[in-house]
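Novice: I need the structure of the sequence given here:
(2 chains)
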Amino acid sequence: MADKIATREAYGNALAELGERYENIVVLDADLAEATKTCIFKKKFPERFFDCGIAENNMYSVAAGLSTCGKIPFASTFAMFAAGRSFDQVRNSIGYPHLNVKICATHAGISVGEDGATHQCNEDIALMRTIPGMVVINPSDAVEARCAVEAAINYNGPVYIRFGRLALPIFNDNDDYKFEIGKAIKLAEGKDVTIVANGMMVYEALEARKMLLENGISASVINAHTVKPLDVKTIVDDAKITGAVVVSEEHNIIGGLGSAVAEAIGENYPVPVVKHGVNDVFGKSGPAKELIEYYGLNAKGICEKVKIALSLKR
Amino acid sequence: MDKQKILELKKIATDIRLGAVEAVYNAKSGHPGGALSSADILACLYFSELNVDVNNPKWEGRDRFVLSKGHSCPGLYSALALKGFFPAEELKSFRHTGALLQGHPDMKAIKGVDMSAGSLGQGFSCACGMALAGKVDGKNYRTYTLIGDGESQEGQVWEAIMFAAHYKLDNLCLIIDNNGLQIDGKVSDVMNTMPYESKLLAFGWNVITIDGHNIEEILGALENARATKGKPSVIVAKTIKGKGVSFMENQASWHGKAPNEEQYNIAVSELTAYKNSLGGNN
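Specialist: Alright, predicted model coming up:
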């Protein structure tokens, strides 16, 4: 396995790499280029980088205007401000006219760490997926993050991509890895329970699978990198085999991937769905790794939810 | 200045007002006050200033116009219909279920609309993005945007004011429809935004203050803006809310309500009488 890399780092590298091939890409940031890693693009293409200052609302509407003139704007700030503060701009300036703007938000979730609750956005996926026509992606490692950026460039319409601050293990570096918007990836087959995850929880889901096997429980693992449009078929087909689903994400258990999967299962093949994530609370300050333990956002936490899901099976 | 042209634009402005009143009357809702206050500006933009092609509404080289005060769209729609972007008949189904003309501008469906707008403050920023794209690509189209004076209470407006000056968007022209009224009353009572001139000068803009109902002054200001290089221009246009319809003038209550049949008939007769008084061929 390669060294750990944060998905935000992969994002900045992808912009700089793909900026060569796609000349219409312009990048906007709101005084966080060093943190969001758009600084990597800025260094290479200063004439196509525009700092908007600490004025996110203006930035997202400016991005909308740029896109009407053929540009492919990537507009970045922390998830809290992109999805939270600028929800109205993202909805009305970008979403309603279905403009080709890429809202690339970093520092999502509890793993922001020491900055604490004001900066740990656990609501962004819920907010973004309610906007009609918005594609919502939460990549699980650096390989997937890079692929998501390229897929977003080749998709004509608004895309929200969530990136994290914390360095994560790379596990999608196999030759047959293929990223497609809206197409979940089944990473492991199982017969007792389906674990659906995205973002940093996908790796934890794979670790959980190993732990469950030691107890004789066979879990399938699905990487649902795209929350919207959700790959309902892959998830429902697997639920038909296992009869129970656990959904794991670094997000509030309200409104995110867990809710999306519960909706899909409820409407298509009702079986128990247990959500694993941030349990409808605000975050706290602390080193990211300690917070992950504190909030149970790890393989052990997933295993506990699997036990509940299995107990609910009829 | 060409007297015939000025007369012609006065007539067009009156036709824009007639169309706006017709739209709001038929919708039984909508915003006549700001549509009427901005009609002379729209006439000068669409029938003198803007380089647009009705046969190719998405032409890349066109000048852009963003109605940031999207609720004033009865005026915009009326101007676009007069220009020929869609049949004037559409004005009668403004705000109707399933009709083309939405309560606020919809760029996806309505030809000639360069940006969807309605949530105040955003259209101006979108116009900044269009102007920036023109700079990046070295294109010589210009971008115009109209905001309300009440709208300038939105923080985003001042973000955009900073942005446009910072990036020296001299291909951008902001127009403030300074009619002095908003839903809750006088702008100066609700949340004072004055003075615009000293504030915008301090932000690094070229500031032009005019009577927003004087065609000659509007055309002169647009020319001044076009000739100004190195910084964005703002035209602070003093206007009268409800201009042209006696009982609507300077009444905040006409910000967002439709006339009844009797009021509609009075409005049409007043506007028609004014148009006839201009003489020449109608």
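Novice: residues from the stretch 1-150 of chain A in reach of chain B?
Specialist: Remark: the part of the stretch 1-150 of chain A in contact with chain B comprises A:26, A:47-48, A:50, A:52-53, A:55, A:57-58, A:60-71, A:73, A:88-89, A:92-93, A:96-98, using C-beta under 8 Å from any C-beta of the partner chain. For glycine as for every other residue, the C-beta is placed from the backbone atoms N, C-alpha and C.
Novice: what do you get if the cut-off is 6 Å, keeping everything else the same?
Specialist: Residues of the stretch 1-150 of chain A lying close to chain B (C-beta under 6 Å from any C-beta of the partner chain) are A:55, A:57-58, A:61-62, A:64-66, A:69, A:71, A:88-89, A:92-93, A:96-97.
Novice: quick one: which of the residues you listed is nearest to residue A:138?
Specialist: For the residues of the stretch 1-150 of chain A next to chain B, the minimum distance to residue A:138 (C-beta to C-beta) is 21.2 Å, reached by residue A:89.
Novice: quick check, pLDDT for the closest residue to chain A within the stretch 51-200 of chain B.
Specialist: Nearest to chain A, among the residues of the stretch 51-200 of chain B, is residue B:129, at 2.3 Å (C-beta to the nearest C-beta). pLDDT for residue B:129: 98.
Novice: next one: the closest residue to it other than its chain neighbours from residue A:33, what distance?
Specialist: Distance criterion C-beta to C-beta, 6 or more residues apart in numbering or on different chains; nearest residue to residue B:129, sequence neighbours excluded, is residue A:65 at 2.3 Å. Applying C-beta to C-beta, to the nearest Å, the value for residue A:65 to residue A:33 is 21 Å.
Novice: who has more neighbours, the two?
Specialist: Per other C-beta atoms under 10 Å in any protein chain shown, whichever of residue A:65 and residue A:33 has more neighbours is residue A:65, with 31 against 21.
Novice: for the strand or helix carrying the more buried one, C-alpha coordinates in CSV please.
Specialist: Residue A:65 belongs to helix A:56-68 when assigned by DSSP states H and E. Provided in CSV are the C-alpha atoms of helix A:56-68 (Å, rounded to 0.1, in the frame of the first residue of the first chain):
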residue,chain,number,x,y,z
GLU,A,56,-18.1,32.7,-0.5
ASN,A,57,-21.5,33.8,-1.5
ASN,A,58,-20.1,36.1,-4.2
MET,A,59,-17.7,33.3,-5.3
TYR,A,60,-20.4,30.8,-6.0
SER,A,61,-22.5,33.3,-8.0
VAL,A,62,-19.3,34.5,-9.9
ALA,A,63,-18.7,30.8,-10.7
ALA,A,64,-22.2,30.6,-12.1
GLY,A,65,-21.6,33.6,-14.3
LEU,A,66,-18.2,32.2,-15.5
SER,A,67,-19.9,28.9,-16.5
THR,A,68,-22.5,30.6,-18.7
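Novice: residues near residue B:2, how many?
Specialist: When counting by other C-beta under 10 Å, one arrives at 11 neighbours for residue B:2.
Novice: tell me how far it lies from chain A.
Specialist: Distance, residue B:2 to chain A, using C-beta to the nearest C-beta, to the nearest Å: 33 Å.
Novice: mind listing what's buried in the top helix by length along chain B?
Specialist: Counting residues, the longest helix in chain B under DSSP state H turns out to be helix B:3-27. Within helix B:3-27, the residues that count as buried by 16 or more other C-beta atoms under 10 Å in any protein chain shown are B:6, B:8-27.
Novice: point out where chain A drops to low pLDDT.
Specialist: Applying pLDDT under 70 to chain A flags the ranges A:1-2.
Novice: what residue in it comes nearest to chain B?
Specialist: residue A:65 (2.3 Å).
Novice: still on that earlier bit, looking at the residues of the stretch 1-150 of chain A next to chain B, spot the one nearest residue B:53.
Specialist: Distances from residue B:53 to the residues of the stretch 1-150 of chain A next to chain B, taken by C-beta to C-beta, are shortest for residue A:69, at 16.1 Å.
Novice: what are the phi and psi angles of residue A:175?
Specialist: Dihedral pair for residue A:175: phi -60, psi -30, per degrees, to the nearest 10.
Novice: where do the helices of the chain begin and end?
Specialist: Because you didn't say which chain, this covers chain A. According to DSSP H, the helices that chain A contains are A:7-21, A:33-36, A:39-44, A:56-68, A:79, A:87-89, A:124-129, A:142-153, A:201-214, A:232-242, A:257-268, A:288-294, A:299-312.
Novice: let's do chain B instead
Specialist: Under the criterion DSSP H, helices of chain B are mapped to B:3-27, B:32-37, B:39-44, B:73-83, B:122-137, B:155-166, B:187-190, B:196-202, B:215-227, B:261-277.
Novice: now, of those, which is deepest in the fold?
Specialist: Burial of the helices of chain B is given as mean neighbour count (mean count of other C-beta atoms under 10 Å in any protein chain shown); helix B:32-37 ranks first at a mean of 31.
Novice: send me stretch B:56-66 as PDB with only the CA atoms.
Specialist: Backbone C-alpha positions of stretch B:56-66 (Å, rounded to 0.1, in the frame of the first residue of the first chain) are rendered in PDB as follows:
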ATOM      1  CA  ASN B  56     -29.100  33.800 -31.900                       C
ATOM      2  CA  PRO B  57     -29.800  34.500 -28.200                       C
ATOM      3  CA  LYS B  58     -26.900  32.500 -26.900                       C
ATOM      4  CA  TRP B  59     -24.400  34.100 -29.300                       C
ATOM      5  CA  GLU B  60     -21.000  34.000 -27.500                       C
ATOM      6  CA  GLY B  61     -20.000  37.500 -28.500                       C
ATOM      7  CA  ARG B  62     -23.200  39.200 -27.300                       C
ATOM      8  CA  ASP B  63     -23.400  41.800 -24.600                       C
ATOM      9  CA  ARG B  64     -24.900  40.300 -21.400                       C
ATOM     10  CA  PHE B  65     -27.600  41.700 -19.200                       C
ATOM     11  CA  VAL B  66     -28.500  40.300 -15.800                       C
END
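Novice: having no further points to raise, I will conclude here.
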